[in-house]
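> Mind looking at a prediction? Sequence and model below.
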Amino acid sequence: MKLAVEGLNSHYGPAHILFDIALEVGDGEVVALLGRNGAGKSTTFRSIVGLVAQRTGRIVFEGRDVSDQPTHAIVSAGLGYVPEERRIFPDLTVRQNLEAARKAPASPRGREWTVDAVFETFPTLVGLAGRKGGYLSGGEQQMLTIGRTLMGNPDLLLLDEPSEGLAPLIVRDLGRQIRRLKEQGLTILLCEQNAKFATKLSDRAYILEKGHVRFSGSIEALHDNDDVRRQYLGL
Ligand SMILES: Nc1ncnc2c1ncn2[C@@H]1O[C@H](COP(=O)(O)OP(=O)(O)O)[C@@H](O)[C@H]1O
Ligand SMILES: [Mg+2]
């Protein structure tokens, strides 16, 4: 098991946001965390990486309880977090953005990403290597943001709404690139409002509604469950 979340409850001030969330991500799996805007997807991710102050429950990453660890230690242990808001340096070029994000692998057996390997995964970035981050389109920035996280050699990638705000053609490219990461053996937990996009890439799915897990199962089981899809995904 790569990641296990057990009995997670999170609050912002007086507001109880997440209720007894349990989820698991196996080695090499791509798992989708689905749900409408405000369901608690980002809060779940932020709770996993230690960015929510009021949180109870257990976060177990690669067999180690990291619940009480600070964010930087969780990230160093190999958990690569790509937040919803894209984080790049606007004044650095694409290449410099990637070089600035390089870190030693967390585990000695782990993959060591290079700028060239990121360019292989995201061919769109090759022709933009010398362009400043601030001059990229939304899709290009998303690819660069993921590339920057890969340069930290994560064992598990948490992607928060990677398709958000991107044009359909770009979303298709991004889907292909994420599938390629999966083929290379990377484990991915992906949260998305765009269930169509996410389920095409994923092995299993969880659905959140109002901070509760309302469904968990295979993508096939989700496709076969009209009630759940209609009620929680509007599909
Ligand atoms: N910093 C915050 N302070 C207070 N409430 C928040 C904060 N961030 C999110 N929320 C609330 O928590 C709930 C879940 O939000 P979020 O996790 O961002 O949902 P999602 O990512 O699924 O859209 C929403 O009701 C949202 O308004
Ligand atoms: Mg969100």
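On my side now, so go ahead. Ligands and ions are numbered 1, 2, ... in the order given.
> where exactly do the helices run in the chain?
41-48, 71-76, 94-100, 115-121, 138-150, 168-183, 195-201, 219-224, 226-228 (DSSP state H).
> Buried residues in the shortest one, which are they?
By that I understand helix 226-228. By neighbour count, with 16 or more other C-beta atoms under 10 Å as the criterion, the buried positions of helix 226-228 are residue 228. (Each C-beta comes from the backbone N, C-alpha and C, glycine too.)
> likewise the third one?
Judged by neighbour count using 16+ other C-beta under 10 Å, the buried positions of helix 94-100 are 94-98.
> who's in contact with that helix?
Applying C-beta atoms under 8 Å, 6 or more residues apart in numbering, the external contacts of helix 94-100 come out as 88-89, 92, 115, 118, 125, 128-131, 133, 136, 144, 147-148, 151.
> Filter those down to the buried ones.
In terms of neighbour count (16+ other C-beta under 10 Å), the buried residues within those are 88, 115, 118, 125, 128, 133, 136, 144, 147-148, 151.
> Around ligand 1, which positions in this structure sit nearby?
12, 15, 17, 35, 37-43 (C-beta under 6 Å from any ligand atom).
> With distance to ligand 2 and neighbour count added, can I get those in a markdown table?
Supplementary listing: the residues of the chain next to ligand 1 in a markdown table, determined by distance: C-beta to the ion, whole Å; neighbours: other C-beta atoms under 10 Å:
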| residue | distance to ligand 2 | neighbour count |
| --- | --- | --- |
| 12 | 13 | 11 |
| 15 | 15 | 9 |
| 17 | 12 | 21 |
| 35 | 9 | 26 |
| 37 | 7 | 8 |
| 38 | 8 | 14 |
| 39 | 8 | 23 |
| 40 | 8 | 24 |
| 41 | 5 | 24 |
| 42 | 3 | 19 |
| 43 | 8 | 22 |
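> quick one: which of the buried residues of helix 94-100 is nearest residue 2?
Distance ranking of these against residue 2, using C-beta to C-beta, places residue 98 first at 24.7 Å.
> Chain neighbours aside, what residue packs nearest to the closest one?
For residue 98, ignoring the flanking residues on the chain, the nearest one in space by C-beta to C-beta, 6 or more residues apart in numbering is residue 115 at 4.8 Å.
> contacting residues around the residue nearest the centre of the chain?
Most central in the chain under C-alpha atoms, centre = their mean is residue 159, positioned 1.6 Å from the mean C-alpha point. For residue 159, the contact set (C-beta under 8 Å, 6+ apart) comprises 82, 146, 178, 188-191.
> Name the member of those with the most neighbours.
When neighbours are counted as other C-beta atoms under 10 Å, the busiest of the contacts of residue 159 turns out to be residue 189, with 27 neighbours.
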